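Q: here is the input, now give the coordinates:
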Amino acid sequence: MKKILLSITVSFAFFGAQAQKNPNPGYWQQHVDYKMEVSMDVKKSQYQGVQKLTYTNHSPDTLKRVFFHLFYNAFQPGSDMDERLKSIADPDKRMVNTLDKAGKKTYESKISLLKPDEIGYLKVKNLKQDGVDLKSNLVGTVLEVSLSQPLLPGASTVFTMNFDGQAPVMIRRAGRKSAEGVALSMAQWYPKMAEYDFEGWHVEQYLGREFHSVWGDFDVKLTIDKDYTVGATGNLQNNNEIGHGYQDEDTVVNHPKKTKNLTWHFNAKNVLDFTWAADDNYIHDKYPGPNGLTLHFLYKNNPKIIDNWKLLQPRTAALFEFFNRTVGSYPYDQYSVIQGGDGGMEYSMCTLITGERDMASLVGVTAHEMAHSWFQHALATNETKHEWMDEGFTSFISDLAVLSIMDTTDQEDANPFGSSYKNYYYLVNKGIEQPLTTHADRYDLNSAYSISAYVKGSVFLTQLSYIIGMENTMKTLKQYYKDYKFTHPTPNDFKRTAERVSGAILDWYMIDWTQTTNTIDYGIQFVEDAGTNKTKVTLQRIGRIPMPLDILVEYEDESMESFYIPNTSMHWIKPNPYPEIKRTVLTGWGWGKPNYSFTIDQPRKKIKTIIIDPSQFMADIDQKNNVYKK
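A: Numbers count the residues shown, from 1 in each chain. The predicted structure follows:
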């Protein structure tokens, strides 16, 4: 299995130049340009900032108001995030204290316990549009702003503001004093313009899920204690003044003894956000990546983890090579792997990961978060609505990447997809599944959200490789990236790409797998002697989702042949996935017929085994009836 998957995925050539425009007629997207100057007090974990935001309205609509996200306001007692932690049956264990009351396990929201000097907040002051004061209304983590002048289609306007912030005690993704001792993990830390697209404004309260953002350019000057090393989105413009491992080779940087702070100047083009982390005990290494890429590694000077972080560096470069080959060229010139946060989370041109891991885990989390650079930060589907497209596609490609670069001794299972199918079956059997079209905040359980987004989204692709073939699936991924990069594609965009690449009709698959909780279940109902060296096989469709079927027949002399039953909804026949085995293409099976029979003609041979889907890439929820043995 491993050799087959690798031979398929690593052999495709890079498609070529990057597309910059969505191919859909009439597509448009907004644009933001941020200039910020921020001063951080590391003792209080408080900061003051000045923001100048140029916002360009590419929509056909006249805008009379805009919205800013103030994410840190979620980390306050009584916030929507706090209340959700109290009401959901399985809260994120990083965000709660687990208590035992009279033998019953209960949860206590860590946010509810925060004191005034521990909460997070963002406070906007002196907000103006083109120099004119604006009226605003704060609603939790969203600032509603009425414009002094409507913003016409095609026009730009400039917002200026002062803001004060306090990094919360680390509870989820961002904040201060992480469990591994990282001083500052600064994600979603500034007043951020909300996304406006063909569906309108996206202004949900922040409950801890992920994001939908506007691409733009960032020019950020960060003033912080000189002893702190910073890792961030973008490129450091004054590296030879700052040092801390960023200086050019053979450059000596000496900071005057009286200097208390340094001002770091970062610049990033065409990114979704700006994230940074800082600590006064970071080691900072640089490592060359493919295509002139510079990799930065920032991690705590902890003797227990240093060796693994050194070994991680060449493997990170190898991961980039794999993703470049299999998806498309990474669109930026630097990437930073930074110890911080509370697990692993992707950001523009960087990731924050916890670093006290064994080697396999360290490579695995880096591969996953890095792969988001393609599926979230270059493609950027709306993760509040289509989280499975990012998390699932990222899981699929990062599993293949780890399989490619790691020795099998570093892994528990050489099959990168086996655990995904097991987790999907768990979701179904527990009865907790909700459709993939469910808004990310509306899942009844965190476990249902996680399995749906990461696992069912990944199985969508592995099962697609069963439906149209692995080669067509990998070609689809590359074409999808090429056509839709930097344009917020939708599920239909991916489906249409797969149809164009393969020639198959796939609407039935997109509907059943993502918009319903329908399942796949086929079985071998009867195997009967049909006389004259012939055997009649009757199959049953038990689940609601129709599929094409690969049937493998093994004879007692160990020879094999296969039969392919097309799904009539596809109006297409898959290439033989086992070219070394003789295949017979049978008449198609329509959804309206619950049973299907065909005849095997086996002169002088006796059947030993009949198997539905020998690849096991079809997510059949009950495989006990998929095998007939004499």
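
Q: give me the pLDDT for Lys630.
A: On the pLDDT scale, Lys630 is placed at 86.

Q: spatially, what comes nearest to it if we skip its sequence neighbours?
A: In this structure, Lys630 finds its nearest non-sequential neighbour in Lys608, 5.7 Å apart by Cβ to Cβ, 6 or more residues apart in numbering. Using the backbone N, CA and C atoms, a C-beta is placed for each residue, glycine as well.

Q: repeat that for Val253.
A: Leaving aside its sequence neighbours, Val253 sits nearest to Gly243 (Cβ to Cβ, 6+ apart; 3.3 Å).

Q: helices along the stretch 301-450 of the chain, start to end?
A: Remark: helices assigned in the stretch 301-450 of the chain by DSSP state H, counting those that start in this stretch are 306-326, 359-375, 387-405, 418-429, 446-450.

Q: want to throw the ones you listed into TSV with mean pLDDT and mean neighbour count?
A: TSV is the format used below for those (pLDDT from 0 to 100; neighbours: other Cβ atoms under 10 Å):
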stretch	mean pLDDT	mean neighbour count
helix 306-326	98	19
helix 359-375	98	22
helix 387-405	96	25
helix 418-429	97	17
helix 446-450	98	18
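
Q: got the ones you listed as JSON lines, with distance to His265 columns?
A: Output for these, formatted as JSON lines (distance: least, Cβ to Cβ, whole Å):
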{"stretch": "helix 306-326", "distance to His265": "26"}
{"stretch": "helix 359-375", "distance to His265": "23"}
{"stretch": "helix 387-405", "distance to His265": "31"}
{"stretch": "helix 418-429", "distance to His265": "43"}
{"stretch": "helix 446-450", "distance to His265": "38"}
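
Q: among these, which is nearest Arg84?
A: Set against Arg84 and scored by Cβ to Cβ, the helices of the stretch 301-450 of the chain come closest in helix 446-450, at 10.0 Å.

Q: show me what the closest one is in contact with.
A: For helix 446-450, contacts defined as Cβ atoms under 8 Å, 6 or more residues apart in numbering pick out Ile88, Asp90, Pro91, Asp92, Arg209, Glu387, Leu427, Ile432, Glu433, Gln434, Ala440, Tyr443.

Q: for those, which one is nearest Val42?
A: Minimum distance to Val42 across the contacts of helix 446-450 is 27.3 Å, recorded for Asp92 (Cβ to Cβ).

Q: for stretch 489-497, list the C-alpha coordinates in CSV.
A: Presented in CSV, the C-alpha positions along stretch 489-497 are these (Å, rounded to 0.1, in the frame of the first residue of the first chain):
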residue,chain,number,x,y,z
PRO,A,489,-13.0,28.6,-3.4
THR,A,490,-16.2,26.8,-2.4
PRO,A,491,-17.0,23.1,-2.4
ASN,A,492,-18.6,23.4,-5.8
ASP,A,493,-15.3,24.8,-7.2
PHE,A,494,-13.5,21.7,-6.1
LYS,A,495,-16.2,19.4,-7.4
ARG,A,496,-16.2,21.0,-10.8
THR,A,497,-12.4,20.8,-11.0
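
Q: distance from that stretch to the middle of the chain?
A: Remark: stretch 489-497 is offset 16 Å from the chain centroid, using Cα atoms, centre = their mean, to the nearest Å.

Q: and it, what's buried?
A: By 16 or more other Cβ atoms under 10 Å, the buried positions in stretch 489-497 come out as Pro489, Thr490, Pro491, Asp493, Phe494, Lys495, Arg496, Thr497.

Q: now swap in stretch 224-243 and tell me
A: Going by neighbour count (16+ other Cβ under 10 Å), the buried part of stretch 224-243 is 224, 226, 228-236, 239, 241-243.

Q: ditto for stretch 29-47
A: The neighbour-count check on stretch 29-47 (16+ other Cβ under 10 Å) flags 29-38, 40, 42, 45, 47 as buried.

Q: need the nearest residue in space to Lys606, chain neighbours excluded.
A: Distance criterion Cβ to Cβ, 6+ apart; nearest residue to Lys606, sequence neighbours excluded, is Glu556 at 4.7 Å.

Q: any idea how far that neighbour lies from Trp276?
A: Note on Glu556: its distance to Trp276, by Cβ to Cβ, to the nearest Å, is 66 Å.

Q: more crowded one of the two?
A: Trp276 (27 against 12; other Cβ atoms under 10 Å).

Q: find the nearest non-adjacent residue to the more buried one, please.
A: Ala232 (3.7 Å).

Q: that neighbour touches Phe274, doesn't it?
A: Yes - the pair Ala232 / Phe274 is scored as a contact, 7.1 Å apart, by Cβ atoms under 8 Å.

Q: so what sits against both of those two?
A: In contact with both Ala232 and Phe274: Val220, Phe266, using Cβ under 8 Å, 6+ apart.

Q: need the helices for the stretch 51-200 of the chain, in chain order.
A: 80-87.

Q: quick one: the residue located most distally from the centre of the chain and Tyr228, what's the gap?
A: Distance from the C-alpha centroid of the chain peaks at Thr532, with 55.8 Å (Cα atoms, centre = their mean). Distance, Thr532 to Tyr228, by Cβ to Cβ: 84 Å.

Q: tell me the pLDDT at Asn533?
A: Looking at Asn533, its pLDDT is 89.
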